[in-house]
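In: below is the sequence, then the predicted model.
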Amino acid sequence: MAQIQIQYDDKLVRQFSWATMIWGAVGMLVGVLIALQMAYWPANLSPELSFGRLRPLHTNAVIFAFVGNLIFAGLYYSTQRLLKTRMASDLLGRIHFWGWQLIIVLAAITLPLGLTQSKEYAELEWPIDLLVVLVWVVFAVNFFWTLKIRREKHIYVAIWFYIASIITVAVLYIVNNLSMPVSWMHSYSVYPGVQDALVQWWYGHNAVAFFLTTPILGLMYYFVPKAVNRPIYSYRLSIVHFWALVFMYIWAGPHHLLYSSLPDWAQSLGVVFSVALWAPSWGGMINGLLTLRGAWHKLRTDPVVKFLVASITFYGMSTFEGPMMAIKQINSMTHYTDYTIGHVHGGALGWNGFIAFGMIYYLMPKLWKTEMYSAKLVMTHFWLSTIGIVLYIVSMWSAGITQALMWWAFTDEGTLKYPEFIETVVRLIPFYYIRILGGLMYLVGMLLLAYNVIKTIGIAKANRVDLSDATYKAAPLDTSKETAGPGMQNWHHVLEGRVVTFSLLVFVAVAIGGPVTYIPLVAFKSNIKTIPSVHPYSALELEGRDIYVREGCYNCHSQMIRPFRDEALR
């Protein structure tokens, strides 16, 4: 069979890698600033630079700018090699890159100005939402077009996770951001009350699932075997991991609304599926770690392997902690406390951040055809970041437990031992300074990464390295028909060669959970208790709500009183 010459588009990978490092440093810098504002209030310099407005900027910068660009860099690099074809359209790739950077810049301008929908991970106003959807469609078209022209019949497990991520993020983002515009930069959600809360956390939880988890798992399934030169530990486990995760994740959103006005059946549904997620999540972690069998010695000497193994370990920790925090008794303590802050940063900085660093250190010598400038700086970066994360997480765990115990404390007479909220805040200040130290160490590690990469590129340019796209050879796509033998693996092997069928099954798996939870909430009035004293907002109340949203008060003040004695008394 004749071989075909292929040139991969690595310029696009280099661009997204640069964006990952730049926006990562910006996001971490804003994070350190708002951590300082929590410990030292005069650091809130102006309304535009206050905690309430910068906190959503920090989360958006880390999620969509840092992790988003990381995903695209890794996806474009691995997809071309796994499918043995160049991305279908260079133009669509460039539109995707510059469109995504424009979205980030618009977010960086509008959020400090108080232009926000106030929805977690969906703060951007409606014109920017439309741009996000447009750019995502460009990305999806390029990806699925590339699948159409692939030269590898069977799609590898990493591609499965990319497909699930692209389809599900599109559904989540569009449904959750449906709104009624009242001006060019102001809108209101189309969903009322508790229905809005349910849709928001159906999106919010699954944004973590399908933007911060499944595409990163795809990167894990590609870069870990590459880094250790071993095949993935278990193909069968990959199948179970993928389908169980894709189906179960979408149901777990209501665990963010425990002890709220959401019907009990919906809360219980969220708890059940959240706890069940332990199994597939740890299945993926085990599959990743056991891929190192026979190559554990690399953990001592190879910094790329160190970052990747640490990343998978943090994934295991986060996916143990998440289901644990969904159990009602534990949630009653951790919810509304800094314990949750420690949990999400373990995932974002440990799981996402470390796989980003491992991937960049793996890619840079290949993309610039030059060894890294300093191996010692890479090791320094690893230990700085690791210690920084530990300081951050442990301080927030400690702060969260302290908060809960002080809120719950009663005197012998049955009154609140700490009736003033500020009494709790004062006790937390030392933990907040430890958090600043941990975040600062992580930021310094980011800057070391950027410095090391800049010096590496300088060496490549000094040596006049030819950076034109490398040429590879591949056979044409085998279009012969296949029939499945007995057994799950054989059936799935055939399914992997039928991308349209595979994608439709993914859509069905992720589309079931949302309607099953939401439709009963709308169709049956008995699910929503009607309180006669509740009326629509007056004009003055609506103006007050807009101020509350603009200033970012919602970041700290939920206005939700749970059915607990201490909260009712306070």
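Out: Yep, that arrived.
In: next, name the residue at the spatial heart of this structure.
Out: Geometric centre of the chain, nearest residue: L212, 2.3 Å, by C-alpha atoms, centre = their mean.
In: that residue: what's it in contact with?
Out: I63, V67, G347, A348, W351, N352 (C-beta atoms under 8 Å, 6 or more residues apart in numbering). All C-beta atoms are positioned from the backbone trio N, CA, C, and that covers glycine.
In: would you map the strands across the stretch 451-570 of the chain?
Out: 471-474 (DSSP state E, counting those that start in this stretch).
In: thought V305 was touching T291?
Out: No. Taking contacts as C-beta atoms under 8 Å, V305 lies outside contact range of T291: 10.6 Å.
In: checking the residue sitting furthest away from the middle of the chain next. Helix, strand or coil?
Out: In terms of distance from the mean C-alpha position of the chain, E413 ranks first, at 46.3 Å (C-alpha atoms, centre = their mean). Secondary structure state of E413, per DSSP: H, G, I helix; E, B strand; the rest coil, is coil.
In: identify the residues contacting it.
Out: Not one residue lies near E413 by C-beta under 8 Å, 6+ apart.
In: pLDDT score assigned to it?
Out: Note on E413: pLDDT of 92.
In: got it, and V522?
Out: Looking at V522, its pLDDT is 72.
In: over to N206?
Out: For N206, pLDDT reads 92.
In: tell me the phi and psi of it?
Out: N206 adopts backbone torsions of phi -80, psi -10, taken as degrees, to the nearest 10.
In: neighbours of it, just the number please.
Out: Residues within reach of N206, counting by other C-beta atoms under 10 Å, total 26.
In: my guess is it contacts L172. True?
Out: Yes. Counting by C-beta under 8 Å, N206 does reach L172; the two are 5.4 Å apart.
In: about what we covered before: which neighbours do V305 and T291 share?
Out: Overlap of the contact sets of V305 and T291 (by C-beta under 8 Å, 6+ apart) consists of V228.
In: quick one: least confident helix or strand in this structure?
Out: Here the helix or strand of the chain ranked lowest by mean pLDDT, DSSP states H and E is strand 471-474, holding a mean of 68.
In: now stretch 271-282: buried residues?
Out: Neighbour counts over stretch 271-282 (16 or more other C-beta atoms under 10 Å) mark V271, V272, F273, S274, V275, L277, P280, S281, W282 as buried.
In: how about TSV for those residues, with pLDDT, secondary structure and distance to T402 added?
Out: Output for the buried residues of stretch 271-282, formatted as TSV (pLDDT from 0 to 100; DSSP: H, G, I helix; E, B strand; the rest coil; distance: C-beta to C-beta, whole Å):
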residue	pLDDT	secondary structure	distance to T402
V271	96	helix	26
V272	96	helix	30
F273	95	helix	31
S274	95	helix	25
V275	96	helix	26
L277	95	coil	28
P280	95	helix	33
S281	96	helix	29
W282	96	helix	29
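In: ok, these vs I166, which is closest?
Out: P280 (19.9 Å; C-beta to C-beta).
In: once you drop chain neighbours, what's closest to that closest one?
Out: Distances taken as C-beta to C-beta, 6 or more residues apart in numbering place A244 nearest to P280, at 3.7 Å, with adjacent residues excluded.
In: backbone dihedrals for the one you found, please?
Out: For A244, the backbone dihedrals (degrees, to the nearest 10) come out as phi -70, psi -40.
In: which residue ranges of the stretch 201-350 of the chain form helices?
Out: Along the stretch 201-350 of the chain, the segments classed as helices by DSSP state H, counting those that start in this stretch run 214-228, 235-249, 264-276, 278-290, 298-301, 303-326, 328-334, 338-345.
In: and T386, which of those helices is closest to it?
Out: Nearest of the helices of the stretch 201-350 of the chain to T386, taken as C-beta to C-beta: helix 303-326 at 6.5 Å.
In: I'm done for today, thanks for sticking with me.
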